[in-house]
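J.: any chance you can model this:
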Amino acid sequence: MIGYARVSTSGQTVSMQREQLRAAGCTAIFGETASGASGHRVELARALAALGEGDVLVVTRLDRLARSTRDLLEIVAAIEARGARLRSLAEAWADTATPAGRLMLTVLGGLAEFERSLIRERTAEGRARAMKAGRRFGRPPLLTPPQREEAVRLAGEERSHAEIGRILRVSRSTVSRFLQRHRAGL
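T.: Residues are numbered from 1 along each chain as shown. Have a look, this model is predicted:
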């Protein structure tokens, strides 16, 4: 049995996961600090490469192995291609040695993906409502309303964007972006 432990931030440690994996009987344990969203996890690649026919990759929880259903299914496919199987200590149903375990893994992974998509939709709807209500996102504008008026007036006098920027104490590119948006009516 080969163990894989992962934490997301440098403020966390894999020591608790290592203890659980040792207690489960893992002879080799690969651990790393990496975001689950990162496609390049060196220690996971090493753990997968170490798998042989009949081996078991053990994780404490599935979220330590994969961040999305697709990621999980790709990792499971890589494990099975090596003739090995996956087992999660926290999710007893996640044992790819059985057809029922593979089914449960796929179904529950699909439900998790569905839940994430609902959260994304709700977030997008909330953003749209906030924007419709006049809420502004992003950095605050660099030009104050009086500076905007002055920039338009100076541009009308055929002053260069660099000169307007010096007068208003902002960069030429800030003036250029503002005047471009102003001319477009934004």
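J.: and the longest helix anywhere in the chain, what does it pack onto?
T.: When the chain is parsed with DSSP state H, its longest helix is helix 99-132. Judged by 3 or more C-beta pairs under 8 Å, 6 or more residues apart in numbering; DSSP states H and E, helix 99-132 is in contact with helix 69-81. Just so you know, the C-beta spots here come from the backbone N, C-alpha and C atoms, and that holds for glycine as well.
J.: what average pLDDT does the helix it packs on get?
T.: The pLDDT scores in helix 69-81 average 85.
J.: I'd like the next helix or strand past that helix.
T.: Using DSSP states H and E, the helix or strand that follows helix 69-81 towards the C-terminus is strand 85-88.
J.: Arg85 and Leu57 touch, don't they?
T.: Yes: with contacts counted by C-beta atoms under 8 Å, Arg85 reaches Leu57, the gap being 7.5 Å.
J.: okay, these two: which has more neighbours?
T.: Taking neighbours as other C-beta atoms under 10 Å, Arg85 and Leu57 compare with Leu57 leading, 27 against 20.
J.: that one contacts Gly83, correct?
T.: No: between Leu57 and Gly83 there is no contact under C-beta under 8 Å: 11.7 Å.
J.: please enumerate the shared neighbours of those two.
T.: Common contact partners of Leu57 and Gly83 (C-beta atoms under 8 Å, 6 or more residues apart in numbering): Leu51.
J.: next, the residue of the chain positioned farthest from its centre: phi, psi?
T.: The outermost residue of the chain relative to its centre, with distances by C-alpha atoms, centre = their mean, is Glu157 at 48.6 Å. Backbone geometry at Glu157, expressed as degrees, to the nearest 10, gives phi -90, psi 10.
J.: quick one: contacts for Glu150?
T.: Contact partners of Glu150, counting by C-beta under 8 Å, 6+ apart, are 167-168.
J.: looking at this, it is in a helix?
T.: Yes: the assignment for Glu150 by DSSP: H, G, I helix; E, B strand; the rest coil puts it in a helix.
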